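# Curious how this folds, go ahead:
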Amino acid sequence: MVLQARDPRSAFPQARRHALARRPDDPARGRYLLLQCMPPHNGLEPLIALVQAELQSRYAACTVDTAMRRDFMIDDAGERQGFVGRYDGIILFAGPAATSVHVTWKYGSALEQAGVAVAVSVPRSLAGVAEHEIAMRGARLRHAFAAVSPEPMYAQDLVDALLVTPSAQEQAESDYIPFTPSHYAASGTARDVVQCFEAQDMTDGLPIEIPTDEAVEAMLAGTHRPASDIVCPTVRPEGLPVTVEQVAINAVMAGAGPEHLPVILAAVALLGAIEMESMTRSVNSFAFTHLINGPLAKQLGIACGANALGRGNKANAVIGRAIGLVLRNGGWQRVGSSASPCQGSAAGITVVAENEAGSPWSPFHTTLGFEPADNVLSLFVGGFAIVGNYYYQGLVDVGRQMLEFENKMGSLLLLSAKRAGELARRGQSREAVIDTLHQHAAAPLGDIRKGGFYPLMKALIERDREEKTWPKAYLTLPDEAVVPLYPATGIKIAVVGDDIASVMQVWNSQLLANSSIDDWV
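So this is what the prediction gives:
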């Protein structure tokens, strides 16, 4: 039987190959900037010193400055503009992460278009990411690959990349379309289709359901929204638009049913947040938790009690898998080209419902302003680490353990129904539990200032006019000042698990956003 399988991928928009900027007329007297594009202690400092020595040995009269980007996660047009006209050439040092290479590439391309000669140092292990940026975005930045222990030619190649006069080809400009999916990605027997999908990296390593026209149409019956509606205009990591129909194709592949589609659509609607760009590219071991509240969770059989976080429940599994496939095919999250997880995460994409019936408190989503009858998906991001199950230990122990998490943006405490009931019987409200954790996750400010995440924390505080993260006093207090290291609103609590055991676990995750599932039914 010949099957025709729909294409689950997003199209890349038209790109433009821009001409390289003019190189310095007198490189011997040039003004150069070596700009570090990732926090300290990522192996960039020795590379920068090597290149600085190479420039100064070639041109004794040149000026070489070194600096560090003030925010490594964004393009930062204001910072860039401060370099235009001030320097004849800038060498950008991308760090060992796909996020760093991607942001650095955007930053460097904008500098080139502003007339500044640029070269980029790229970790050799991320060569595929650089090639992807060139192929899919058109940015033809000159670059050199740096090994962990750079070869003698590395600094010479990088300086040459900055200064050699552009060729005629490098001066030619052109528009092109990197990729447009066909209506059908493959045809043939089921085995032929699966092999084709696997060869093009469109699967997650597990067997898929074939997304035929009939299967996709049946899936679309799960929502009132037109197939052409944009669910999210910027699905990360590549920031591409994804339609209801594309989500339906990926949902079929995941083994989901039409009844699951509204939850999947609600989740995909949140995949465009700019924070998701780094989290879907990064070297870190990110995991994403989707907490479902409302009566629909019970109707769909989304596990909330025994083994809620484990394997074996279809609704949890197929919804989570569909979200992952949309990231892969709609957002083009591909290891080695747009993503670089060093270890990855066993938690991956988790879908779980809150045990509202077993909770002594109001449902989690009501703390965010929703009504109990509303069906809501809450997206928690980060998921760097999980500790528990705290059978014998208490909240003070959990708070102290949270100090061991490197990223202090947020934590999610998951209480079994039994542990939550015990706390409530002792007069503890949800807010009181949060306050206990907040107060005991305290330490000298100097401890966090030593960490690699402090530059990001500092940038967030500086931009946060309403102090929704940390108080601005954290920038000026002495190192020995003992303060809560988590934002006051960064700690959340949900009841997950049954009443068999009095256990709890805490995830290094922060609430990013919420989405109404009812909007997609």
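# only C-alpha atoms for contact and neighbour calcs from this point on.
Will do.
# Can you pull out the low-pLDDT segments for this structure?
Within the chain, no stretch has pLDDT under 70.
# same thing but 80
Across the chain, the ranges flagged by pLDDT under 80 are 148-150, 152, 452.
# what domains does the record give for it?
19-172, 187-441+486-520 (automatic domain parsing).
# Span of the first one from start to end?
By that I understand domain 19-172. One end of domain 19-172 to the other measures 6 Å (CA to CA, to the nearest Å).
# got it, and stretch 118-129?
Using CA to CA, one end of stretch 118-129 lies 18 Å from the other.
# in it, what's buried?
Val118, Ala119, Val120, Ser121, Val122, Pro123, Arg124, Ser125, Leu126, Ala127, Gly128, Val129 (16 or more other CA atoms under 10 Å).
# Show me what the fourth one bridges to in the sheet.
On the basis of DSSP bridges, Ser121 is bridged to Phe93, Ala144.
# how about the strands in the stretch 201-350 of the chain?
230-235, 240-243, 288-293, 349-353 (DSSP state E, counting those that start in this stretch).
# ok, back up a step: between which two of the buried residues of stretch 118-129 is the distance greatest?
Within the buried residues of stretch 118-129, Val118 and Ser125 form the most distant pair, 21.1 Å apart (CA to CA).
# Return the backbone torsion pair for Arg9.
phi -90, psi 160 (degrees, to the nearest 10).
# List the residues that contact it.
Shown in contact with Arg9 (CA atoms under 8 Å, 6 or more residues apart in numbering): Pro181, Met202, Gln246, Asn329, Gly330, Trp332.
# Reformat those residues as a markdown table; add distance to Pro478 and neighbour count.
Rendered in a markdown table, the data for those read as follows (distance: CA to CA, whole Å; neighbours: other CA atoms under 10 Å):
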| residue | distance to Pro478 | neighbour count |
| --- | --- | --- |
| Pro181 | 56 | 13 |
| Met202 | 51 | 24 |
| Gln246 | 52 | 24 |
| Asn329 | 48 | 23 |
| Gly330 | 47 | 30 |
| Trp332 | 45 | 26 |
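# Can you tell me which of those is nearest Leu291?
Nearest to Leu291 among the contacts of Arg9: Gly330, at 22.1 Å, using CA to CA.
# quick one: that closest one from Gly399, how far?
Taking CA to CA, one finds Gly330 at 38 Å from Gly399.
# before we move on, what about Ser378?
Ser378 is 23 Å from Gly399, by CA to CA.
# The residue lying closest to Pro39 once chain neighbours are set aside - how many residues pack around it?
Once flanking residues are discounted, Pro39 sits nearest to Gly452: 6.3 Å by CA to CA, 6 or more residues apart in numbering. If you count neighbours by other CA atoms under 10 Å, Gly452 ends up with 16.
# CSV for the buried residues of stretch 118-129, including distance to Gly320 and secondary structure?
Below are the buried residues of stretch 118-129 laid out as CSV (distance: CA to CA, whole Å; DSSP: H, G, I helix; E, B strand; the rest coil):
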residue, distance to Gly320, secondary structure
Val118, 42, strand
Ala119, 40, strand
Val120, 37, strand
Ser121, 37, strand
Val122, 34, strand
Pro123, 32, strand
Arg124, 33, helix
Ser125, 30, helix
Leu126, 28, helix
Ala127, 30, helix
Gly128, 28, helix
Val129, 26, helix
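# Kindly indicate which of the residues you listed lies nearest Leu50.
Ser121 (11.8 Å).
# ok, that closest one touching Ala144?
Yes - counting by CA atoms under 8 Å, Ser121 does reach Ala144; the two are 5.3 Å apart.
# okay, and the common contacts of the two?
Leu158.
# In contact with the closest residue to Met1 other than its chain neighbours, which residues?
Nearest residue to Met1, sequence neighbours excluded (CA to CA, 6+ apart): Thr189, at 5.9 Å. By CA under 8 Å, 6+ apart, the contact set of Thr189 is Met1, Val2, Leu3.
# Quick one, which of those are buried?
Buried subset of the contacts of Thr189 (neighbour count, 16+ other CA under 10 Å): Leu3.
# Of the contacts of Thr189, which is the nearest to Tyr391?
Checking these against Tyr391 with CA to CA, the nearest one is Leu3 at 52.4 Å.
# what is that closest one paired to in the beta sheet?
Counting by DSSP bridges, Leu3 forms beta bridges with Gly188.
# ok, it to Lys450 distance?
58 Å.
# Over to Leu34?
On the measure of CA to CA, Leu34 and Lys450 end up 23 Å apart.
# Who has more neighbours out of those two?
Leu34 (21 against 11).
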